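Enquirer: from the sequence below, what's the structure:
(one chain, ligands or ions: 1)
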Amino acid sequence: MANLVVVGAGYGGVMAGKRFERSLVPFTIINKHSYHQFITWLHEAAGGRRPVDEYKVELTDVFRKHTTTIVNDEVKSIDLKNKHVVGRNRPYPYDFVIIGVGSAPEFFGIPGLEKYSLQVRSLETARHIRTRIDEQVRAYRNDHDARRLRFVIGGAGLTGIEFVGELVEWLPKLCSSLNIDPSGLEIINIEAAPTILPALSTSLQEEALRVLKESGARMMTNTKIVKVEENAVHLESGEVIEAMTIVWTGGVRAHPLLAESGFTCDRRGRAQVNEYLQSADDDHVFIVGDCAAFVQAGRPLPPTAQVATQMGDLAARNVMAQLNNQPLVSFSPKLRGTLASLGHRVGVGTIGNMQTRGTVAGFAKEMTKVKYLYELGGMRMVSREGAHLSREPLYQ
Ligand SMILES: Cc1cc2nc3c(=O)[nH]c(=O)nc-3n(C[C@H](O)[C@H](O)[C@H](O)COP(=O)(O)OP(=O)(O)OC[C@H]3O[C@@H](n4cnc5c(N)ncnc54)[C@H](O)[C@@H]3O)c2cc1C
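Expert: Here you go, the predicted structure:
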């Protein structure tokens, strides 16, 4: 029997695994943690909406067939020559491997940015940000240092904007609960490009700007960060913003594992794949999600969960086709729209070609959770995880 291995249990990896399970094909999935994290909702966890541990599900709950082997290990490299996934604990031989290890932050060479900023990218980092914010607000009660109530968020893509949306809701409540006047709060979003949310139309971008500004955020577009120091962000204009909490959401590159293992990668570290998602370097290796450079209309697809899930599913189907000497299927992404939450009630975005805003968009965004949970584990998962994730914010 062929040895099938999936590396990474993110959006791409779990969907590959679900496809194998549905076909009762034995496989091994190797992940750093024992759980799958809901990365697309981490701005909620970092922004105080619900307890951080609600944003994960154990892999033993996702994969329940006896044909599946779950391994907790950190993969250090892929040995293409000997067909081994090299883990921290031991090597794992494979006949076919699907790699979906996701991304790492891109700092664009801005001095000090990596060292002095926090990033929303995993359960741990979300917990760290949430704790930092809480500590700063509490410490303000003692020293009244204005920098503690100033929060800088670099980047105005989906992650940055959704995180600002959470902060404008949570922080005034946090201040009030600690008897601090919320008028001292400053939530500052800094973006080098002329617009926010580049995937959306101008009217939706303007709507998001309006909502966030009216909620008290300072939105700075066309503004380049040139240097970051401890508790200080330097702008190209010469302005220096002093803040104790600096969060960077301005870009991602592929996980370094691919380049370090010798795969042919683009300038963002994404490994080149063909139309079937096979690595350009080895047709027994499939690469999915944020670490794959799938080029469409001359440009790599942007790193999104909706692309990663579709890639994972197709990669598993193509592995099975290759095993059975059947024709492989080309990847043809179905882009169903983009929705950005602006706090827990409202949002902006597109559903197919339709533009949506306000509470309708907010509701649609919540519904994407239900859809994803259903894909992950049917009604069992929807009723268990959806019940708390779609409830009112807790702001503990
Ligand atoms: C706050 C936020 C909001 C977002 N919102 C949206 C959205 O609304 N819609 C959307 O489509 N996309 C959104 N995205 C982007 C989306 O989350 C990513 O595109 C998606 O997670 C990529 O999936 P993936 O499978 O490639 O990798 P990931 O989901 O990142 O999974 C990678 C997996 O590999 C594991 N791993 C990493 N390194 C190793 C190793 N060395 N050994 C073993 N395991 C390893 C990780 O633990 C993880 O389980 C958002 C991202 C963020 C941060």
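Enquirer: pLDDT value on the residue in the chain positioned nearest to the ligand, please?
Expert: For the chain, the residue closest to the ligand is residue 10, as judged by C-beta to the nearest ligand atom, at 1.6 Å. All C-beta spots, glycine's among them, are computed from the backbone N, C-alpha and C. Note on residue 10: pLDDT of 98.
Enquirer: what's the neighbour count on it?
Expert: 25 (other C-beta atoms under 10 Å).
Enquirer: that one is in contact with residue 39, isn't it?
Expert: Yes: counting by C-beta atoms under 8 Å, residue 10 does reach residue 39; the two are 6.9 Å apart.
Enquirer: any common contacting residues for these two?
Expert: Jointly contacting residue 10 and residue 39 under the rule C-beta atoms under 8 Å, 6 or more residues apart in numbering are residue 102.
Enquirer: hang on, the earlier thing: quick one, what contacts the residue of the chain closest to the ligand?
Expert: 36, 37, 39, 100, 101, 102, 289, 308.
Enquirer: can you flag which of these belong to helices?
Expert: Residues of those located in helices (DSSP state H): residue 308.
Enquirer: for the contacts of residue 10, give me TSV that also has pLDDT, distance to the ligand and neighbour count.
Expert: Formatted as TSV, the contacts of residue 10 follow (pLDDT from 0 to 100; distance: C-beta to the nearest ligand atom, whole Å; neighbours: other C-beta atoms under 10 Å):
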residue	pLDDT	distance to the ligand	neighbour count
36	98	6	23
37	97	6	22
39	97	4	23
100	98	4	31
101	98	4	27
102	98	2	22
289	98	2	33
308	98	3	29
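Enquirer: in strands, which of the contacts of residue 10 fall?
Expert: 36, 37 (DSSP state E).
Enquirer: what about the nearest residue to residue 361 once chain neighbours are set aside, how many neighbours?
Expert: Counting by C-beta to C-beta, 6 or more residues apart in numbering, residue 347 is the residue found nearest to residue 361 once chain neighbours are left out, at 3.6 Å. As a burial measure, residue 347 scores 28 neighbours (other C-beta under 10 Å).
Enquirer: can you check residue 353 too?
Expert: Residues near residue 353, counting by other C-beta under 10 Å, number 6.
Enquirer: what sits against it?
Expert: By C-beta under 8 Å, 6+ apart, the contact list for residue 353 is empty.
Enquirer: can you check residue 27 too?
Expert: 4, 5, 6, 17, 20, 67, 68, 69.
Enquirer: turn these into CSV, columns for distance to residue 242.
Expert: Converted to CSV, the contacts of residue 27 look like this (distance: C-beta to C-beta, whole Å):
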residue, distance to residue 242
4, 53
5, 48
6, 45
17, 46
20, 52
67, 56
68, 51
69, 51
